[in-house]
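[1] Please work out how this folds:
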Amino acid sequence: MTRAGHVSVCPISMVDSEGFGSDVTLPLKISESLFFDDVSEIIRETNFDWLEPVFPNKSERDALKRVRYGLVRQIECADGEPNLEDEKSARMLYCLYLGLKVIRPTPSRFQIFHYDLAQSDRGSPRIDRNDYATIVCDCDRLNWIRWMDLQQLAAVGPVLLSVLANGTLPISQAVQSLEIGYRADFLHVRHLLWVVGLDALFTSREWESQGAKISAERILNFLGSDFQIYSEDHSRELGLPRPTSPSFDATIRDIYKLRNHFAHGAWPDKRWAGRICRRSTDFCRDIYYSELLSEAAASILRACLKKIWAEEPLVELFNDKNKMNAYFASHGLIRTRKTGCGKEN
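    So this is what the prediction gives:
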């Protein structure tokens, strides 16, 4: 049985990719067979025109030809195994794609091109692709993937591959809610999904660990009351003033109030209906408080996931509901039964 080289490429669009500093060394290793590298040569050899039924928009095909970097999985596989390896590559690279979405959300679509390096014609790779591109929040519209984002991804890559491979774990469910929310067109759907992601991390089926009040208090405890919803570093890079971050304490509670409105078929509170918070990134429309709350829900969920991934004990804690509840109970963050006087113990 012969073995042939096999490579799967997930293109990553990077603005100012030529601006990598002298400290950058490629490939950037994530695991034994996974890395980030310059893929421009094999992308240039690819004939995307034959994929017109999949890429009907010529501008999209042309943009792919200009992609220089990508996530890569390269292995040796036996004859007859490439399809199985394609599936494995798709699962692994999708985990990394989701991790990058948490680190820095951009409008990029998940797509992979599978090449058999033994074939002389590499212009017609097999392809995996999701149906929907990301719809980022207004505050993230100017995002781009930076070198430091990829370094963060490489650091947490092994954890992502281990945790996200099991879709039943709380952390995996939170990531799924984040991703599906980014594919939804409607504000109320996005908001509901992102709050579901927060609940997947901070609440459970047990009565003592349910409810908006408990979830909000646990999130405040976990991130700290000084957490900033909008990133100062990114605003500085863009040369733009950072949008004013409202009080985290008030915001997290209003996020759950808005969730309750949407979940029960009501529209946002009247006091929010005409409350303008800022102009949009393109200065073409106003951002109202309800949209700000939705942006905040996504930002808070991403911040929680990044903090959890950074420490192995936190990954273990949040993937075990018993341990998670015990941890927050030790901080007094648990529901108590009401006494006859109508107060909670």
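[2] Point out where the chain drops to low pLDDT.
    Per-residue confidence of the chain (counting by pLDDT under 70) places the weak regions at 1-4, 15-22, 56, 78-80, 120-122, 232-242, 338-345.
[3] quick one: Asp128 is in a strand?
    Yes - with the criterion set as DSSP: H, G, I helix; E, B strand; the rest coil, the secondary structure at Asp128 is a strand.
[4] Show me the beta-bridge partners of it.
    Partner residues in beta bridges with Asp128: Ile112, with DSSP bridges as the criterion.
[5] Surely it is in contact with Ala90?
    Yes - with contacts defined as C-beta atoms under 8 Å, Asp128 counts as touching Ala90 at a distance of 4.5 Å. The way it works is simple: take the backbone N, C-alpha and C, and place the C-beta from them, glycine included.
[6] neighbour-wise, which of the two wins?
    Shown here are Asp128 and Ala90; by other C-beta atoms under 10 Å, Ala90 has more neighbours (21 against 18).
[7] how far does the helix or strand hosting that one sit from the chain's center?
    Ala90 is part of helix 82-103 when elements are defined by DSSP states H and E. Helix 82-103 has its C-alpha centroid displaced from the chain centroid by 13 Å (C-alpha atoms, centre = their mean, to the nearest Å).
[8] buried stuff in it?
    82, 85-86, 88-90, 92-103 (16 or more other C-beta atoms under 10 Å).
[9] on that earlier part again, mind listing the shared neighbours of Asp128 and Ala90?
    Shared contacts of Asp128 and Ala90 (C-beta atoms under 8 Å, 6 or more residues apart in numbering): Ile112.
[10] Convert the C-alpha atoms of stretch 189-197 to CSV, please.
    This file holds the C-alpha atoms of stretch 189-197, laid out as CSV (Å, rounded to 0.1, in the frame of the first residue of the first chain):
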residue,chain,number,x,y,z
VAL,A,189,-32.4,35.6,17.4
ARG,A,190,-28.7,36.6,17.7
HIS,A,191,-29.3,37.9,21.2
LEU,A,192,-31.2,34.8,22.4
LEU,A,193,-28.5,32.5,21.1
TRP,A,194,-25.7,34.5,22.8
VAL,A,195,-27.4,34.5,26.1
VAL,A,196,-28.0,30.7,25.7
GLY,A,197,-24.3,30.5,25.3
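[11] Quick one: residues in contact with that stretch.
    135, 173-178, 180-182, 184, 255-256, 258-259, 262-263, 293-294, 297-298, 301.
[12] quick one on the thing from earlier: name the helices or strands packed onto the helix holding Ala90?
    Using 3 or more C-beta pairs under 8 Å, 6 or more residues apart in numbering; DSSP states H and E as the contact test, the elements touching helix 82-103 are strand 3-12, strand 34-38, strand 69-78, strand 111-116, strand 126-129, helix 147-163, helix 170-182, helix 289-309.
[13] Recalculate using a threshold of 6 Å.
    Helix 82-103 sits against strand 3-12, strand 69-78, strand 111-116, helix 147-163, with contacts defined as 3 or more C-beta pairs under 6 Å, 6 or more residues apart in numbering; DSSP states H and E.
[14] nearest to Leu28, of those?
    helix 147-163 (5.3 Å; C-beta to C-beta).
[15] Can you give the distance from the closest one to the centre of its chain?
    In terms of C-alpha atoms, centre = their mean, the gap separating the centre of helix 147-163 from the centre of its chain is 12 Å.
[16] Need the contact partners of it.
    Applying C-beta atoms under 6 Å, 6 or more residues apart in numbering, the set of residues contacting helix 147-163 from outside is 20, 24, 28, 30-31, 36, 92, 95, 99-100, 103-104, 171, 309.
[17] Next, Arg205: secondary structure please.
    Per three-state DSSP, the local secondary structure of Arg205 is coil.
[18] Next, count neighbours for it.
    Other residues near Arg205 come to 7 when the count uses other C-beta under 10 Å.
[19] any idea how far it lies from Pro82?
    In this structure, Arg205 and Pro82 are separated by 43 Å, where distance is defined by C-beta to C-beta, to the nearest Å.
[20] cool, Ile214 as well?
    Applying C-beta to C-beta, one obtains 49 Å for the distance of Ile214 from Pro82.
[21] same deal with Ala310?
    When C-beta to C-beta is applied, the distance between Ala310 and Pro82 equals 36 Å.
[22] circling back to that earlier point, let's see the ChimeraX selection covering just the buried ones among the contacts of stretch 189-197.
    In ChimeraX, a selection of the buried entries from the contacts of stretch 189-197 looks like this (16+ other C-beta under 10 Å):
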select :173,174,175,176,177,178,180,181,182,184,255,256,258,259,262,293,294,297,298,301
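[23] how about Ile135, what does it touch?
    When contacts are counted by C-beta under 6 Å, 6+ apart, Ile135 touches Tyr182.
[24] Alright, calling it a day.
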